[in-house]
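1. Return a 3D structure for these sequence lines:
(chains A and B)
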Amino acid sequence: MKSYRAPDGAAIQVLDGVDLSVPPGCLAVVLGASGSGKSTLLNVIGLLEDADEGDVIVNGERVSALSRSAKSRARGRYFGFVFQSFLLLPSLTALDNVLLAARYADRGLDARRRAHQLLGRFGVLERQAHFPPQLSGGEQQRVAFCRAVLNDPPVLLADEPTGNLDDANGRVILDALRERARAGAAVVMVSHRPEAVSSADALYRMREGRLEPASGGGVS
Amino acid sequence: MSAAARILREYGFTIAGIAIGVAGIVALGAMGERIVRFIEGGDRFVLGQISVAGRGMGMGTGFTAGGMLPASAIRAIAGVPGVSGVQAQVMLPLNPSTSQFMTLTQELVLGLDLSVPTPNRQYPTLPVRAGRALRRGDRRVAVVGASFAASHGLHVGDRLLLEGDSYEVVGVLERTLTAPDRFVIVPIEDARRQWIAKDRLLRTVIASGAAAVDAADLNTGAAVGWRDGEDPDAVARRIAARVEGVNVQLPSELSALLRSSTAFFSALLAGLGVLAFVIGGLSLANTIAAAVFERLRDFGVKRALGATDWRLGREVLAEALAVTLSGGAVGVALAMLLGVTVDRWAARTGQQLFLFSGRLLGGSVVFSVLLGAAAAAYATLRVVRLSPAEAIRRGA
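-> Here you go, the predicted model:
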């Protein structure tokens, strides 16, 4: 359960009795109109904000009950985030943005080598010393994806990851998300792209804060 | 990318903002320090000796202002218990027509009896920058203060015309930032000649033979020293009680008088200093806090990546300190550049407007860093209270 306060003080229910279970290796896609609570759902799952009621359980650990510091560490350990607006730090180079994930998860060893591998795989190694404003949208999202998967997190959360990309770049990111799922991660994505819907292992729709199974996915 | 380059890239404008604030604080502080040094120097001087003048009014000026102090009075003072030494002096305005209300800044001729050591405990000798000090037996030579030398374009070996007589400049004093900077120091015999030349009444009296005045009687005052362990004020009172016809200044009273006469400047300076620190400090604190809030989204992203409150707080604080230190250093450099430039221009008239003392520079940097850290800590506390999602939303 999650509600916000409107300016007039009234409660707005954004998540209402949501129950979502995503097993490892599953790519779950959540659809829904703007303001239906999709992003809030991802934020609550990823411990970016607290729910009013309910639990978030990862690998059997009730992470939503952890202290603030432990939640921070759990975010670095369990989750990778891909945002619609990339959210790269403008003062850091592409490589340093990727390495940021390792810094806070205390995974310094090999992080640089792995970051280079990932940047190479996604075709942006040559842009490693560039700053975000010097990169195209597609390049920025590929760098952001490298950052999200650097620590090989068991849960990957993607909020409209292709929303600001053209078709070609969007396909690169969707393929990468599918690949993460095949590699064993639980992937939850909010997206409107038909390709995402067609290849989802599980498909859901958010409506007025409620999550319902939707048809059209691969495996539900 | 090095940390320094990253901080410069990330906080370039912030550093510039802090630099301007710190430059303002340091520049105003340096002007204050300059005047404080002047007042403190005078205070140290008057506390280093008992100043005695002849009773009444006369040509004498400065700290020995008063009537004539005859040789008999000087001998009597030397015999007072507790007195360790007496040096007859003549102190005259260089130009008697100049308004003398600013006695602390006027140019003075100081004639010293070089047959005895100067008894001032704080200034037994004045530091000479070039040439030499006056010696016993010298005649028609002068040692000039730094400001006097600058404003009159004098160097060692130059000639100086005083009351129609030519004097050779044999020494230039170090800049003391206090009264001696505007002194022309000459042997007392030469100062007496100048006194007679300046004072028509004195010339008339001596020429008439109406008063038994000897050359040795022509003193405007005397500097008196006290023996170790003696209370200078008590010795001064003893002189006043035992020697007739003298005005004795108690060192503590003279010090208080000096402080009260400069109280306006001191209050003005204190006000300016407080104002500079408040305005500069607020500007600095605001700049740092704004720089932290400006990066709200970045902090949200870092927390999403696993940064704990403590880790984030440490990072922000460290960056704020680095930024404040950089801004502080640039600000100090800017203020010093301004001060040196202005002082180079002012030196043509013998002035120095800025004094960048160690305590000012150290104090400004420490003040800036503490304030920057406090502002950063406040902003960080505000930032870490937000959930990562809220920080990202608000910073977007």
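2. ok, the spatially most central residue of chain A to residue B:267 distance?
-> Centroid-nearest residue in chain A: residue A:157, 2.1 Å away (criterion: CA atoms, centre = their mean). As judged by CB to CB, to the nearest Å, residue A:157 and residue B:267 stand 64 Å apart. Yep, even glycine has a C-beta here, placed from its N, CA and C like the rest.
3. cool, and residue B:275?
-> 12 Å.
4. contacting residues for the residue nearest to residue A:62 when sequence neighbours are not counted?
-> Spatial nearest neighbour of residue A:62, excluding adjacent residues (CB to CB, 6 or more residues apart in numbering or on different chains): residue A:55 at 5.3 Å. Listed by CB atoms under 8 Å, 6 or more residues apart in numbering or on different chains, the contact set of residue A:55 reads A:62, A:64-65.
5. quick one: which helix or strand includes residue B:311?
-> Secondary structure assigned from DSSP states H and E places residue B:311 in helix B:309-346.
6. could you say what helices and strands that helix packs with?
-> Other helices and strands packing on helix B:309-346, by 3 or more CB pairs under 8 Å, 6 or more residues apart in numbering or on different chains; DSSP states H and E, are helix A:68-78, helix B:3-47, helix B:263-294, helix B:296-304, helix B:358-385.
7. Run through the helices of chain A in chain order.
-> A:38-45, A:68-78, A:94-104, A:111-121, A:137-149, A:167-182, A:194-198 (DSSP state H).
8. In a markdown table: these, plus mean neighbour count, distance to residue B:295 and mean pLDDT.
-> As requested, the helices of chain A are exported to a markdown table (neighbours: other CB atoms under 10 Å in any protein chain shown; distance: least, CB to CB, whole Å; pLDDT from 0 to 100):
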| stretch | mean neighbour count | distance to residue B:295 | mean pLDDT |
| --- | --- | --- | --- |
| helix A:38-45 | 24 | 20 | 92 |
| helix A:68-78 | 20 | 18 | 92 |
| helix A:94-104 | 23 | 14 | 93 |
| helix A:111-121 | 17 | 23 | 93 |
| helix A:137-149 | 24 | 17 | 94 |
| helix A:167-182 | 18 | 26 | 90 |
| helix A:194-198 | 16 | 32 | 76 |
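9. wait, which of the ones you listed is closest to residue B:69?
-> helix A:94-104 (79.8 Å; CB to CB).
10. when you compare where that closest one runs with where helix B:296-304 runs, what's the angle?
-> 50 degrees (axes from the mean of the first three to the mean of the last three CA atoms, to 10 degrees).
11. Now do helix A:94-104: everything it contacts.
-> Residues from elsewhere that reach helix A:94-104, judged by CB under 8 Å, 6+ apart: A:72, A:76, A:80, A:88-89, A:92, A:108, A:111-112, A:114-116, A:118-119, A:124, A:127-132, A:135, A:139, A:143-144, A:146-148, A:150-151, B:1, B:302, B:305-307, B:311.
12. What degree of burial does residue B:16 show, as a neighbour count?
-> 15 (other CB atoms under 10 Å in any protein chain shown).
13. Please list all residues in contact with it.
-> B:327, B:330.
14. For residue B:361, which non-adjacent residue is spatially closest?
-> residue B:332 (5.9 Å).
15. typo on my end, it should be residue B:328
-> Nearest to residue B:328 is residue B:368, by CB to CB, 6+ apart, at 4.3 Å.
16. For the one you found, give me its contacts.
-> Contacts of residue B:368 by CB under 8 Å, 6+ apart are B:18, B:21-22, B:25, B:284, B:324-325, B:327-328, B:331.
17. tell me the SS of the residue of the stretch 201-350 of chain B found nearest chain A?
-> Nearest residue of the stretch 201-350 of chain B to chain A (CB to the nearest CB) works out as residue B:306 at 2.0 Å. State at residue B:306, reduced to three classes by DSSP: H, G, I helix; E, B strand; the rest coil: coil.
18. distance of residue B:355 from residue B:279?
-> Residue B:355 is 21 Å from residue B:279, by CB to CB.
19. Could you pull up the residues touching residue A:86?
-> A:132, A:137, A:140-141, A:143-144, A:164 are the contacts of residue A:86 under CB under 8 Å, 6+ apart.
20. now residue A:124
-> A:94, A:135, A:139, A:142-143, A:146.
21. and if we set it to 7 Å?
-> If you count contacts by CB atoms under 7 Å, 6 or more residues apart in numbering or on different chains, residue A:124 has them with A:94, A:139, A:142-143.
22. now for these, which pair is the farthest apart?
-> A:94 and A:142 (9.0 Å).
23. Tabulate the contacts of residue A:55 in a markdown table, adding columns for pLDDT.
-> Below are the contacts of residue A:55 laid out as a markdown table (pLDDT from 0 to 100):
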| residue | pLDDT |
| --- | --- |
| A:62 | 93 |
| A:64 | 91 |
| A:65 | 92 |
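24. ok, of the residues you listed, which one's closest to residue A:197?
-> The closest of the contacts of residue A:55, once distances to residue A:197 are taken by CB to CB, is residue A:64, at 28.7 Å.
25. Find the nearest non-adjacent residue to that closest one, please.
-> Using CB to CB, 6+ apart, the nearest residue to residue A:64 is residue A:56, at 4.0 Å.
26. next one: residue A:212
-> residue A:205 (5.3 Å).
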